[in-house]
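In: Here's my sequence, what's the structure:
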Amino acid sequence: MRGLLVRLLLNTLALWVVSLVYPGVSFAREAGLLDYLVAGAVWGLANALLRPLLLFLTLPLNLMTLGLFTLVVNGIVLYLVAEATALQVPGFAEALIGALILSLVSLLLSWLFRD
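Out: Below you'll find the model as predicted:
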């Protein structure tokens, strides 16, 4: 249970950091802490459930591009999360760049807060 809570907080922190450093990803002006936590939870669920399915369905494209299509899948997942939460991503190009930055921030946070 503790690991799940830590993962939720790290996802929320990563989304918040990306919204600070990249103007293409932001939260609604009236968003509060609960909205941030919901976005982090939806991001975690989407990465756990939706992302593996999309990666499996796009496996041939992923193999042909030597794994670079994974960035497109991450952008799709971020765009879908933005549609369901207070997170705002104006277009798919911003979702791609935001997904790249989010991956780097999540990697850094995972290194800092290892279990």
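In: just the strands in the protein please.
Out: 26-27, 87-88 (DSSP state E).
In: Please state the offset of the first one from the chain centre?
Out: A distance of 13 Å separates the C-alpha centroid of strand 26-27 from that of its chain, computed with CA atoms, centre = their mean, to the nearest Å.
In: Let the chain start at 32 from now.
Out: Noted, 32 is the first residue going forward, which turns the last one into strand 57-58.
In: who does it touch, helix- and strand-wise?
Out: Strand 57-58 sits against helix 33-52, helix 64-76, strand 118-119, with contacts defined as 3 or more CB pairs under 8 Å, 6 or more residues apart in numbering; DSSP states H and E. C-betas here are computed from N, CA, C, even on glycine.
In: what's in contact with the last one?
Out: Translated: strand 118-119. Identification of contacts with strand 118-119 by CB atoms under 8 Å, 6 or more residues apart in numbering yields 46, 50, 56-59, 70, 112-113.
In: For that strand, which strands pair with it and how are they oriented?
Out: Sheet pairing of strand 118-119 (DSSP bridges) gives strand 57-58 (antiparallel).
In: per-residue confidence at Phe144?
Out: Phe144 is assigned a predicted lDDT (pLDDT) of 84.
In: next one: Leu36
Out: 86.
In: ok so, going back, of the contacts of strand 118-119, grab the buried ones for ChimeraX.
Out: Typed into ChimeraX, the line below selects the buried ones among the contacts of strand 118-119, using 16 or more other CB atoms under 10 Å:
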select :46,50,56,57,58,70,112,113
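In: pLDDT weak spots in the chain?
Out: Within the chain, the stretches with pLDDT under 70 are 146.
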